[in-house]
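Asks: show me the folded form of this:
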Amino acid sequence: MPDHGEGSRPVTRKLRVRQAQTVLPFGVGAVLDIQGESFVATGIGDWPHKRQPVDSPRLAARLRVSGFFAAPATLNDRYDNPDAPGAPYIRFPTWLFCGTCRRMRRWRIADETPGMPPQCPQCSPGRPLVPMRFVQICKAGHLSDVDWWFWAHSPLAPEERQACSSREHLSFRVSGRAAGLEALSIVCTAPKCPGASRDLLSVLGTHGLRCSGRNPWQRASESADCREAVQVVQRTAGNLYYPVVHSALDIPEAEGAAAVESEAADKVRASALWLALCTAPDGPNAPALRDMIKQETQAEDALIDALLAEETGTAVIPAALDRPVYPDLSSEEWAALTAPTPEATRDFVVRRTDLGLAGETEAPWSTLRDRIGEVVLVDRLREVRTLQGFTRVAPDATFVPADTSRRLRWLPAVEVYGEGVFLTLDAGRLADWEREPAVVDRVLDMRGDLERSFQRDRLEAHTGTVMAPRFVLLHTLAHLLIRQMSFESGYTTASLRERVYARADRDQAGLLVYTAAGDAAGTLGGLIQQGEAPHLAETLLHMIETAAWCSADPLCAEHSGQGFGNLNRGACHACALLPETSCETGNTLLDRVLVVGGGGIPGYFEDVIGAARASAAGMGE
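Replies: Here you go, the predicted model:
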């Protein structure tokens, strides 16, 4: 069971997972391929008792958990202790094969030798054993090895299968007479077996295999009677693991947030259904009443729980860890970032600035200035990221909590430090632009795709119940800004992240581009320097000019629906998409046309592009 601070090969090899990676991308339930071996992260119930607390009361309250813990950090490689405890990972798949003799072997924990990779016992000298490429998953969130014995014997009649004397005499053969999966086959080599064999041409998909009812780290006593259809996939397939991750900035308490909370509480108490819910908070109709109140008032579960506890005098214990929660964390952060006199703490230091264009009268600089509201430099920020759980097969499949034993009330998390640039759009010009009929129709069409999407609940946590044009505009703008800043600040796009504040019902119209690293020092000021005058104005102008043309145009700009679930319009890998770790919504709800215009649709910055082109043409005369 190698940890993120523990090696398992001879002296020359160390298998490591950084502390930040124990949340994403190698959190509970994820499969990790490293140096020719494959492991899966176990549930937090198996974590060592020595773990680091991570403080984030605001996020804990919204997720309705007792707190957060991080796995013990890996020490410096040169002075490392190989026996230091860490987040546990176990070997998976357990079916391995030898690349030389092609024999397959079911590897068990008892076969593990500290500091040594699995080796073939039949070959001399010992050859490394390689994990099988395929595994099986189901919508209930279970993961297990493929029953390769059954696969090899499936073409035989039941009585012929019973004649086989062993379930582990298997061989993974490669044929030189075929190509692709057809060239691979599983062959039974048991002495009394009638030559059972089957190739892997049709291995992917559903084959009537039985689900194990558990994940690899769970004991047999924890198995469920699972009737879901099993799907065979590659162990690195995209649908094997969909993590549910949340993050929150460490900010000072803001009066604006309290005001918003108070208004939401008043709406809940004024609901005609509130009295019925208070009368029977645990009754059979309580879930339906809660859902109707949430739909009517846009209140979150955490607020309803707190009001119920206040009204009934008893604490409400929700089953929050058994289902994904998508709280809105933007209100308090927006209030802290836009406060007239920002309050500084040890982990939150901001200062207001501007584009440096106050006295500019010539286009395109004056045109750009009129469309930007405030600019705030975040010299220091702290972000807490936590993993609530995961799903398999599809994002809307059965949710599996990070603690599969369902005994713990805390979640795994990491804290990271960094810096950022926050800017808002001019409220008046934004409101006028949002009323344009072509803009309304464009976003209305995207809203229809969102309502049909299985990701609707997760995405509406960012957009609000009704997605406004400003969200698509600001989200696309954040992507374009990250791509441009990666050229000018020295950071890669994967090192930068976004937070979009665009809920029209709360008068939000801003975005934060920031970078955060998993150490106490954070980053070194490169992003802050790009946010100072005159660098930010130049970056924004270059960004807008670059966004006006995509190498995939006119197809990209005129697309009526592209990306996952057709949730994007004018956005592709050539112009607007980012690494998914940088994006809050998984590269969805993007449209470059709303930024730069085109096809009869006015872009918010379309006048800036026109002014820049006119200025360039005048300089060339």
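
Asks: so where's this protein uncertain?
Replies: Along the chain, the parts satisfying pLDDT under 70 run over 1-14, 74-85, 194, 253-262, 302, 309-322, 518-525, 619-621.

Asks: what's residue 140 in contact with, if anything?
Replies: Neighbour list for residue 140: 211, 213, 224, 226, 228, 397-398 [criterion: Cβ atoms under 8 Å, 6 or more residues apart in numbering]. Backbone N, C-alpha and C define where each C-beta goes, glycine included.

Asks: the same query, at a cut-off of 7 Å, please.
Replies: When contacts are counted by Cβ atoms under 7 Å, 6 or more residues apart in numbering, residue 140 is found next to 226, 228, 398.

Asks: and residue 576, by the same measure?
Replies: Taking Cβ under 7 Å, 6+ apart as the definition of contact, the neighbours of residue 576 are 476, 479-480, 590, 592.

Asks: and those residues, which is closest to residue 460?
Replies: For residue 460, the closest of those turns out to be residue 590, at 16.4 Å, with distances computed as Cβ to Cβ.

Asks: now name the helix or strand holding that closest one.
Replies: Assigned by DSSP states H and E, residue 590 falls within no helix or strand.

Asks: grab the nearest non-local neighbour of it.
Replies: Leaving out its chain neighbours, the residue that sits closest to residue 590 by Cβ to Cβ, 6 or more residues apart in numbering is residue 571, at 3.6 Å.

Asks: shouldn't the one you found be in contact with residue 588?
Replies: No. Judged on Cβ atoms under 7 Å, residue 571 makes no contact with residue 588 at a distance of 9.1 Å.

Asks: which residue of these two possesses the greater neighbour count?
Replies: A side-by-side neighbour count of residue 571 and residue 588, using other Cβ atoms under 10 Å, places residue 571 first with 29 against 25.

Asks: which phi and psi does residue 353 have?
Replies: phi -150, psi -160 (degrees, to the nearest 10).

Asks: how about the contacts made by the nearest residue to it once chain neighbours are set aside?
Replies: Nearest-residue entry for residue 353: residue 375, 5.2 Å, with adjacent residues in sequence omitted and distances by Cβ to Cβ, 6+ apart. For residue 375, the contacting residues are 353-355, 423, 531, 536, taking Cβ under 7 Å, 6+ apart as the criterion.

Asks: mind listing what's buried along the strand or helix carrying residue 375?
Replies: Mapping residue 375 onto the secondary structure by DSSP H and E places it in strand 372-391. Along strand 372-391, these residues count as buried under the neighbour rule (16 or more other Cβ atoms under 10 Å): 372-378, 380-391.

Asks: ditto for stretch 266-273
Replies: Taking 16+ other Cβ under 10 Å as the neighbour-count basis, stretch 266-273 is seen to contain the buried residues 267-268, 271, 273.

Asks: do the same with stretch 394-408
Replies: Within stretch 394-408, the residues that count as buried by 16+ other Cβ under 10 Å are 395-404, 408.

Asks: possible to save these as TSV with secondary structure and distance to residue 21?
Replies: As requested, these are arranged in TSV below (DSSP: H, G, I helix; E, B strand; the rest coil; distance: Cβ to Cβ, whole Å):
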residue	secondary structure	distance to residue 21
395	coil	21
396	coil	26
397	coil	24
398	coil	25
399	coil	22
400	strand	19
401	strand	20
402	coil	15
403	coil	19
404	coil	20
408	coil	21
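
Asks: among those, which two are most distant?
Replies: It's 396 and 408 that sit farthest apart of these, by Cβ to Cβ, at 24.8 Å.

Asks: so residue 461 sits in a strand?
Replies: No. Remark: residue 461 does not belong to a strand; assigned using DSSP: H, G, I helix; E, B strand; the rest coil, it is helix.

Asks: ok, for it, nearest residue in space, not its chain neighbours?
Replies: Setting aside the residues directly before and after it, residue 461 is nearest to residue 326 in space (Cβ to Cβ, 6+ apart), at 3.5 Å.

Asks: where's residue 200 relative to residue 395, distance?
Replies: Spatial separation of residue 200 from residue 395 under the definition Cβ to Cβ, to the nearest Å is 28 Å.

Asks: for the lengthiest helix in the chain, buried residues please.
Replies: Ordering each helix of the chain by length in residues (DSSP state H) puts helix 469-489 first. Within helix 469-489, the residues scored as buried using 16+ other Cβ under 10 Å are 469-486, 488-489.

Asks: gap between the two ends of stretch 461-469?
Replies: This stretch, stretch 461-469, spans 16 Å end to end (Cα to Cα, to the nearest Å).

Asks: try stretch 164-172
Replies: Taking Cα to Cα, the span from the opening residue of stretch 164-172 to its closing residue is 18 Å.

Asks: what is the neighbour count of residue 62?
Replies: Burial of residue 62 is recorded as 22 neighbouring residues (other Cβ under 10 Å).

Asks: you'd agree it is in a helix?
Replies: Yes. Going by three-state DSSP, the assignment for residue 62 places it inside a helix.

Asks: which residues touch residue 578?
Replies: Taking Cβ under 7 Å, 6+ apart as the contact definition, residue 578 lies against 479, 482, 493, 587.

Asks: as TSV, those residues with distance to residue 442 would be great.
Replies: TSV is the format used below for these (distance: Cβ to Cβ, whole Å):
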residue	distance to residue 442
479	17
482	23
493	26
587	19
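
Asks: out of those residues, which comes closest to residue 155?
Replies: Top of the list for closeness to residue 155, among the contacts of residue 578 and by Cβ to Cβ, is residue 587 at 42.6 Å.

Asks: which parts of the stretch 301-450 of the chain are strands?
Replies: 348-353, 372-391, 400-401, 410-425 (DSSP state E, counting those that start in this stretch).

Asks: for residue 298, which of the ones you listed is the nearest?
Replies: Across the strands of the stretch 301-450 of the chain, residue 298 has its closest neighbour in strand 372-391 (21.3 Å, Cβ to Cβ).

Asks: extract the CA atoms of the closest one and return them as PDB.
Replies: Presented in PDB, the C-alpha positions along strand 372-391 are these (Å, rounded to 0.1, in the frame of the first residue of the first chain):
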ATOM      1  CA  ILE A 372     -14.000  48.300 -17.500                       C
ATOM      2  CA  GLY A 373     -15.100  49.000 -13.900                       C
ATOM      3  CA  GLU A 374     -12.800  48.300 -11.000                       C
ATOM      4  CA  VAL A 375      -9.400  46.700 -10.900                       C
ATOM      5  CA  VAL A 376      -8.200  45.100  -7.700                       C
ATOM      6  CA  LEU A 377      -4.800  43.400  -7.200                       C
ATOM      7  CA  VAL A 378      -4.900  40.500  -4.800                       C
ATOM      8  CA  ASP A 379      -1.400  40.400  -3.400                       C
ATOM      9  CA  ARG A 380      -2.000  37.400  -1.200                       C
ATOM     10  CA  LEU A 381      -4.800  34.800  -1.100                       C
ATOM     11  CA  ARG A 382      -5.400  31.500   0.400                       C
ATOM     12  CA  GLU A 383      -7.700  28.900  -1.200                       C
ATOM     13  CA  VAL A 384      -9.000  25.700   0.300                       C
ATOM     14  CA  ARG A 385      -9.800  22.800  -2.100                       C
ATOM     15  CA  THR A 386     -11.800  19.800  -0.900                       C
ATOM     16  CA  LEU A 387     -13.000  16.600  -2.500                       C
ATOM     17  CA  GLN A 388     -16.600  15.700  -1.500                       C
ATOM     18  CA  GLY A 389     -16.700  12.400  -3.500                       C
ATOM     19  CA  PHE A 390     -17.000  11.100  -7.100                       C
ATOM     20  CA  THR A 391     -19.200   9.400  -9.600                       C
END
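
Asks: kindly point out the strands partnered with that strand and how each is oriented relative to it.
Replies: Its sheet considered, strand 372-391 pairs with strand 242-249 (antiparallel), strand 348-353 (antiparallel), strand 400-401 (antiparallel), strand 410-425 (antiparallel) by DSSP bridges.

Asks: domain map for this protein?
Replies: If you go by automatic domain parsing, the domain ranges for the chain are 256-318, 330-620.

Asks: can you give me the offset of the first one from its chain's centre?
Replies: To tie it back to what came earlier, the one meant is domain 256-318. 29 Å (Cα atoms, centre = their mean, to the nearest Å).
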